[in-house]
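Enquirer: okay, here's the prediction I keep looking at, along with the sequence it came from:
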Amino acid sequence: MGTAGKIQRSRRRHLRWLRGPLALASVAVGFATAGQAQRKDTGTLTIVVGAEPNLPVRLLAANKADIDAASLMFAPLAWLNKKLMTADESAFEPALARGWSRRDSLTLVFELDPRARWHDGTPITSRDVVWTLNTARDLAAFPVFALLMREIASVTAQGPERVVVTFKRAYAEQFYDVVYHVAPLPAHLLDTIPAKRLDASAFAANPVGSGPYRMGTREPGRQVDFVARADFFLGPPKITRIVFLLARNAEAQLNLMLDGSADAFESAVLARQIAPVVGRPNLRIVTGPWLSVGYLLFNRKAYGDRQTAHPILADLGVRQAIVHALDRPTLIRSVFGPYAAVAEGPMGQATWIRRVAPKQPGFDPDRSRRLLRERGWLDRDGDGIVEKDGRPLSLRMMYPSSNIPRVALGEPIQEMLRRVGIKLELDRLEPRVWLQRRSRGEFDIDFSQVTLDPSPTGIVQSWTCAGIGGSNAASICDQSFDRALERAIAERDEPAPRWRDAIAALHANAPAAFVFAPTQTVVLSTRYRQVDIRAEAPWSHVWRWSVDPGQRLARDDR
C-alpha cells in the first residue's frame, strides 16, 4: 500500500494525467535555483477547511478539522510510515520517542527524546505518556479508544525517559496500537481533571501541545491560526504560519483557491468541481489513495428506539434487496469521474485488505425485486411502491447538507430504489442536527462517510457488537462476523485469507450498502516545495515543507 507521487506541472501534462492513472499523494517538489538560494524560503500556508477545530486534541476530536489541527500541535511517539505498514514497527519514524526495543513478544520499551518540550517549556517525560495511554483506555470516559487499545495490559514508567508497555497477547500491530491512536498529552496540566470532563476544560479549546505548531489567534466563524515553534526539537519549520480558513460550501472553498486567497484544499471532489482548476498555472492537483469510504448504513433498531427491532431493516432480505438495487459503478462515474472508486466494504482505497477482500454483491435489480417478493413485499395498488400488510416500503435517508458528494448522490440513489419499488425520502440536515440524530439512532438509513484508521483492525469500532454505544450507531451485532474479525486480527503469518473470510461474513449480513471510496484530492499552490501529504493526516508533515523563494507573497511575511 504505497503512496509515491507525481505532480503535474503544465496544462498539457495535467490533461494527460486526467486520462491516466491517479498520481499519488506523497511528493517531493522542486528546489530553488542558485539565484534564489539567498532568498527566504519561509512563509504561510492557508488551508481551506469546512469546519472549525473546536477540540483540537485527538482524544477529544469531534470532526476532521479537530484531527487535522491536532496533527499540527501534538507529536506522536512515532509517525506512521508513508506506506501505512502498520504491522512493521521498524518502518515507523521516531518522533517523541527517539527509539524503541522489545524485551519479548509481549513487551515494548520506548525511550523518549530528552530534547522534547511542551509548548510551555516543560520537558516531556514518561509521566505524560503513561497518563495519556491509561486515560485513553478508560472505558467509561473513552469507549472507542478503550476498544482500540483493548489488548494493552499495562503502561508503566521506568525513569523519566523510559516507558514500558505490556500486552495481553502477541499480535502484529502492538506497536501501532501504542503510537497511532493518541498522542501524548501534558499530565502536569491535566491529571487533576476527571477524564469525563476533559472536553469541557480550558485546555481542550486552547491546548498546550508538543508539536511543531502552537495555537495562535482565533476568529470564530472565519479562521484559526497556528504559529511555528522556532524551538521545535526536530528543527524549526520553514512554514512559519498555518491558517485554517473556514468556508462551509464546497464551491466557496474552491473559489478561495481560484482567487488566490488560499493555498491548499483537501476533500473528496466531484468531477465538475475540479474542472476549473485544470490548467491553472499557479495550482496543481495532488491525488492518491485515501482512507475514506461512503456507505448507506442500515439501522437495525427502530427509529430512535434502541430496544426495538427496526420494522423493515431488521429483515436481511430487505437489506440485501437495497444493495442489489444500486448501480454503484454508474453512480461513481457520473458524479466523481476519476476521483473515486466503487467501495467494496468498510475500506478506503489505501486500506491494504482492499486488494484481497471479496466484493460486495453487485447491481442486480431483478434479484432485488425477487428478494422483496419472497418476503411479502408486493405492489398491490399499482403505484410503483411495494407494500406489506397494508404498509408501503418507505424509508428515510439522512445526510449532512454540507457534504457535496452525498448531496449529489442522494437523488440518483433515491431513483434507483424507486425502480425496485422502494420509496426513499431524503433528509438533508444541518451538520450538527445530522450528527445528533445519528448518535441517538434517529434514522432509517444514514448516508455515512468516514475516514478510516490506517489499519483494517479499526473497523471493530463501527461494525462489531463491542462498538455498540460508541461508533456503532446502527446497533450492528453479528457474532459470526465478530469471530471472523478476531481471527483476522490475531493472525500473524498469513492474514490475507482471514481478512477475506471476515469481509465475506460482513457482506453476508448486509449491514450497509458500500457506495464510494473517494480519492484523496488536494488542490495546492505551486509555491510549495518538499511537499509531503499523508493519507491519514494530510498536514502532519507541513513543518518540513518550504516556500519557493521566487513565489513568496505578502502574507508570507506576517
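Expert: Arrived safely, thanks for sending.

Enquirer: gap between the two ends of stretch 134-148?
Expert: With Cα to Cα, to the nearest Å as the measure, stretch 134-148 spans 13 Å from end to end.

Enquirer: sorry, slip of the keys, the one I care about is stretch 73-89.
Expert: Per Cα to Cα, stretch 73-89 runs 24 Å from first to last residue.

Enquirer: for stretch 519-538, same thing?
Expert: End-to-end span of stretch 519-538 (Cα to Cα): 13 Å.

Enquirer: do the same with stretch 488-502
Expert: Chord length of stretch 488-502, first to last residue, is 7 Å (Cα to Cα).

Enquirer: give me the contact list for that stretch.
Expert: Here stretch 488-502 makes contact (Cβ atoms under 8 Å, 6 or more residues apart in numbering) with 169-173, 353, 356-358, 456-457, 460, 481, 484-485, 487. The C-beta positions use only the backbone N, C-alpha and C, and glycine is treated the same way.

Enquirer: surely E536 is in contact with L84?
Expert: Yes - at 7.0 Å, E536 counts as touching L84 under the criterion of Cβ atoms under 8 Å.

Enquirer: picking that back up, from the contacts of stretch 488-502, which is closest to P160?
Expert: E173 (27.7 Å; Cβ to Cβ).

Enquirer: assess the claim that that closest one and M85 are in contact.
Expert: No - at 10.3 Å, E173 and M85 do not qualify as touching, with contact defined as Cβ under 8 Å.

Enquirer: can you show me the strands along the stretch 201-350 of the chain?
Expert: Taking DSSP state E, counting those that start in this stretch as the test, the strands found in the stretch 201-350 of the chain are 213-219, 223-228, 239-246, 264-267, 283-288, 292-298, 301-302, 305-309, 340-342.

Enquirer: mind listing what's buried in the fifth one?
Expert: Of the residues in strand 283-288, those scored as buried under the neighbour-count criterion (16 or more other Cβ atoms under 10 Å) are 283-288.

Enquirer: what does the second one give?
Expert: Counting neighbours by 16+ other Cβ under 10 Å, one finds that the buried residues in strand 223-228 are 223-226, 228.

Enquirer: returning to what we had before: give me the common contacts of E536 and L84.
Expert: P454.

Enquirer: I'd guessed R280 sits against L258; true?
Expert: Yes - assessed by Cβ under 8 Å, R280 is found in contact with L258 at 7.2 Å.

Enquirer: P454 in helix, strand or coil?
Expert: On the three-state scheme (DSSP: H, G, I helix; E, B strand; the rest coil), P454 is labelled coil.

Enquirer: residues in contact with it?
Expert: Contacts of P454 (Cβ under 8 Å, 6+ apart): 80, 84, 86, 176, 180, 291, 350-351, 535-536.

Enquirer: element containing the residue lying farthest from the centre of the chain?
Expert: Distance from the C-alpha centroid of the chain, by Cα atoms, centre = their mean, peaks at D381 (45.2 Å). Using DSSP states H and E, D381 sits within no helix or strand.

Enquirer: do the same with the one 4 residues further on
Expert: Taking DSSP H and E as the definition, I385 sits outside all helices and strands.

Enquirer: could you do P412 as well?
Expert: Assigned by DSSP H and E, P412 falls within helix 404-418.

Enquirer: report the angle between that helix and strand 292-298.
Expert: If you take axes from the mean of the first three to the mean of the last three Cα atoms, to 10 degrees, helix 404-418 sits at 40 degrees to strand 292-298.

Enquirer: my read: A250 touches I404, true?
Expert: Yes - using Cβ under 8 Å, A250 is in contact with I404, at 4.2 Å.

Enquirer: what do those two both touch?
Expert: Joint contacts of A250 and I404 (Cβ under 8 Å, 6+ apart) are Q273.

Enquirer: L297 contacts A510, doesn't it?
Expert: No - taking Cβ under 8 Å as the definition, L297 is not a contact partner of A510, at 11.2 Å.

Enquirer: for the stretch 401-550 of the chain, which segments count as helices?
Expert: 404-418, 431-440, 460-463, 479-490, 495-509 (DSSP state H, counting those that start in this stretch).

Enquirer: residues contacting stretch 132-151, please?
Expert: Residues from elsewhere that reach stretch 132-151 (Cβ under 8 Å, 6+ apart): 59, 152, 155, 165, 167-169, 171, 174, 177-178, 181-185, 187, 195-196, 198, 453, 457-458, 460-461, 466-467, 469-471.

Enquirer: what is the neighbour count of T217?
Expert: For T217, the neighbour count with other Cβ atoms under 10 Å is 10.

Enquirer: how about R218?
Expert: The burial count for R218: 16, using other Cβ under 10 Å.

Enquirer: same question for the one 4 residues further on.
Expert: Residue neighbour count, defined by other Cβ under 10 Å, stands at 12 for R222.

Enquirer: correct me, but it touches F244?
Expert: No - applying Cβ under 8 Å, one finds R222 not in contact with F244, separated by 9.7 Å.

Enquirer: how is the protein divided into domains?
Expert: Domain segmentation of the chain under automatic domain parsing yields 11-53+211-288+520-557, 78-198, 292-518.

Enquirer: now stretch 424-443: average pLDDT?
Expert: For stretch 424-443, mean pLDDT is 94.

Enquirer: ok, residues contacting it?
Expert: So stretch 424-443 is contacted by 51, 299, 301, 303-306, 394-402, 407, 410-411, 413-414, 417-418, 445-446, 448, 473-475 (Cβ under 8 Å, 6+ apart).

Enquirer: now with 7 Å?
Expert: 299, 301, 303-304, 306, 394-402, 407, 410, 414, 417, 446, 473, 475 (Cβ atoms under 7 Å, 6 or more residues apart in numbering).

Enquirer: could you list the low-pLDDT ranges of this protein?
Expert: Counting by pLDDT under 70, the chain has low-confidence residues at 1-38.

Enquirer: residue closest to the middle of it?
Expert: Against the mean C-alpha coordinate of the chain, by Cα atoms, centre = their mean, the closest residue is T451 at 2.2 Å.
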